[in-house]
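A.B. asks: Sequence and predicted structure, then a few things I'm wondering about:
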Amino acid sequence: MSSRLLTPHLTVKNVADSKHFYTEVFGFQVRHENLKEGVPVHVEMSYHNELAIMFVPENVANSGTLAPASFTDAKQRTAYQYIYVNNVDATVKRAQALGATVLQQPYDAPWGDRFTLMVDINGYHWGIAQTHEPGFPTF
């Protein structure tokens, strides 16, 4: 499993809150952080020793970029990060406790995964899955 070729790059509302959220919910770890005058301007986080996401604060370098205002509208559920975890139900509970919004409660999906869909603290969608497929790596 590798993420070297395709890595989500997000704009976040608050870098410290985002690092805390992604660490506590998914177990991501900061692998690199660029600072400018002591302020984070770029963060990379790993998941099981692979680059998982990169993010920058809103308006980095006066770019005017903002995190999504809201993706809770069902019509906006067209793209999301899909991540495998050991326990979907426990992961979504941690996410909710830290401010995430659950769009779809965990259920056993027809494709075989236990699955839930949520919006994180920055407005991004995450599909969180747990597979029952034999031989699939567990985390």
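C.D. replies: Perfect, thanks for sending it.

A.B. asks: Only C-alpha atoms from now on, for both contacts and neighbour counts.
C.D. replies: Noted.

A.B. asks: K93: neighbour count?
C.D. replies: 13 (other Cα atoms under 10 Å).

A.B. asks: quick one, phi psi at it?
C.D. replies: phi -70, psi -40 (degrees, to the nearest 10).

A.B. asks: do you know how far it is from E24?
C.D. replies: K93 sits 11 Å away from E24, going by Cα to Cα, to the nearest Å.

A.B. asks: Number of residues surrounding the residue lying closest to N14 once chain neighbours are set aside?
C.D. replies: Among residues not flanking N14 along the chain, P57 sits closest, at 6.2 Å (Cα to Cα, 6 or more residues apart in numbering). By the criterion of other Cα under 10 Å, P57 has 22 neighbours.

A.B. asks: Who does P57 form a beta bridge with?
C.D. replies: Beta-bridge pairing of P57 under DSSP bridges involves V12.

A.B. asks: where's it relative to V12, distance?
C.D. replies: Distance from P57 to V12, by Cα to Cα: 5 Å.

A.B. asks: picking up where we left off before, isn't the residue nearest to N14 right next to D17, touching?
C.D. replies: No - taking contacts as Cα atoms under 8 Å, P57 lies outside contact range of D17: 10.8 Å.

A.B. asks: the helices in the chain, which residues?
C.D. replies: Under the criterion DSSP state H, helices of the chain are mapped to 15-26, 88-97.

A.B. asks: buried residues in the longest one?
C.D. replies: Within helix 15-26, the residues that qualify as buried are V15, S18, K19, F21, Y22, T23, V25, F26, counting by 16 or more other Cα atoms under 10 Å.

A.B. asks: and what of stretch 79-86?
C.D. replies: Of the residues in stretch 79-86, those buried (16+ other Cα under 10 Å) are Y80, Y84, V85.

A.B. asks: Narrow the residues you listed to those in strands?
C.D. replies: Y84 (DSSP state E).

A.B. asks: With distance to N122 and pLDDT as new columns, can the buried residues of stretch 79-86 be given to me in JSON lines?
C.D. replies: JSON lines is the format used below for the buried residues of stretch 79-86 (distance: Cα to Cα, whole Å; pLDDT from 0 to 100):
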{"residue": "Y80", "distance to N122": "13", "pLDDT": "88"}
{"residue": "Y84", "distance to N122": "20", "pLDDT": "93"}
{"residue": "V85", "distance to N122": "20", "pLDDT": "94"}
